[in-house]
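A.B. asks: Sequence plus the predicted model coming up.
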Amino acid sequence: MAQAGPARSTPLDEQLCFALYAASRAMTSCYRPMLDALDLTYPQYLVLLVLWERGDTTVSGLGRALQLETGTLSPLLKRLEAAGLISRTRQVDDERSVRVSLTAEGRGLEDSVAATQGRVGAATAMSRAERGELREALHRLTDTLRTAAGAG
């Protein structure tokens, strides 16, 4: 009977993690020139998306929505504020809480960003339904992996 050899790792091209990493980088690269034209980074774009969708929110609310820590968000928000796109104000009833609001200039970018989203959607060469199915599968994967990481 033949003896089994040492266990081999799965090749890179067969790794789900690498496929997700490469797709994420490709998506961000597709957005980059269009966001550069608006003088936005991809993380700044994500912050603006949350504010356009939800209106004024706290820094902790943004962190939950974007799945980012406050320490990561703070410098990002500082740059958006310096660019005149948002304002930050401490809550009167709780000075630890900071409310983030869009300025008129920040609200004014929404139409340009919507056009950018349309161009990136078209660049995927996927139908709206296919993009929706992929997004839902990725949400399920994220939830499952978070649960597994929490259980470990």
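C.D. replies: Arrived safely, thanks for sending.

A.B. asks: Roughly how far does residue 29 sit from residue 22?
C.D. replies: Distance of residue 29 to residue 22, given as CB to CB, to the nearest Å: 10 Å. All C-beta spots, glycine's among them, are computed from the backbone N, C-alpha and C.

A.B. asks: tally of neighbours for residue 17?
C.D. replies: By other CB atoms under 10 Å, the residues close to residue 17 number 10.

A.B. asks: cool, the one 5 residues further on as well?
C.D. replies: Applying the criterion other CB under 10 Å, we find 13 residues in the vicinity of residue 22.

A.B. asks: try residue 70
C.D. replies: Using other CB under 10 Å, residue 70 is surrounded by 12 other residues.

A.B. asks: Surely it is in contact with residue 61?
C.D. replies: No. Contact between residue 70 and residue 61 fails when scored by CB atoms under 8 Å: they sit 10.9 Å apart.

A.B. asks: Give me the distance between residue 26 and residue 19.
C.D. replies: Here residue 26 is placed at a distance of 11 Å from residue 19 (CB to CB).

A.B. asks: care to break this protein down by domain?
C.D. replies: Split into domains by automatic domain parsing, the chain comes to 16-38+118-152, 43-108.

A.B. asks: Look up how far residue 48 lies from the residue lying closest to residue 86 once chain neighbours are set aside.
C.D. replies: Nearest residue to residue 86, sequence neighbours excluded (CB to CB, 6 or more residues apart in numbering): residue 80, at 4.6 Å. Distance, residue 80 to residue 48, using CB to CB: 8 Å.

A.B. asks: Overlap of the contact sets of those two?
C.D. replies: residue 106 (CB atoms under 8 Å, 6 or more residues apart in numbering).

A.B. asks: Neighbours of residue 54, how many?
C.D. replies: Counted by other CB under 10 Å, the residues lying close to residue 54 total 11.

A.B. asks: ok, now the one 10 residues further on?
C.D. replies: Using other CB under 10 Å, the number of residues around residue 64 comes to 12.
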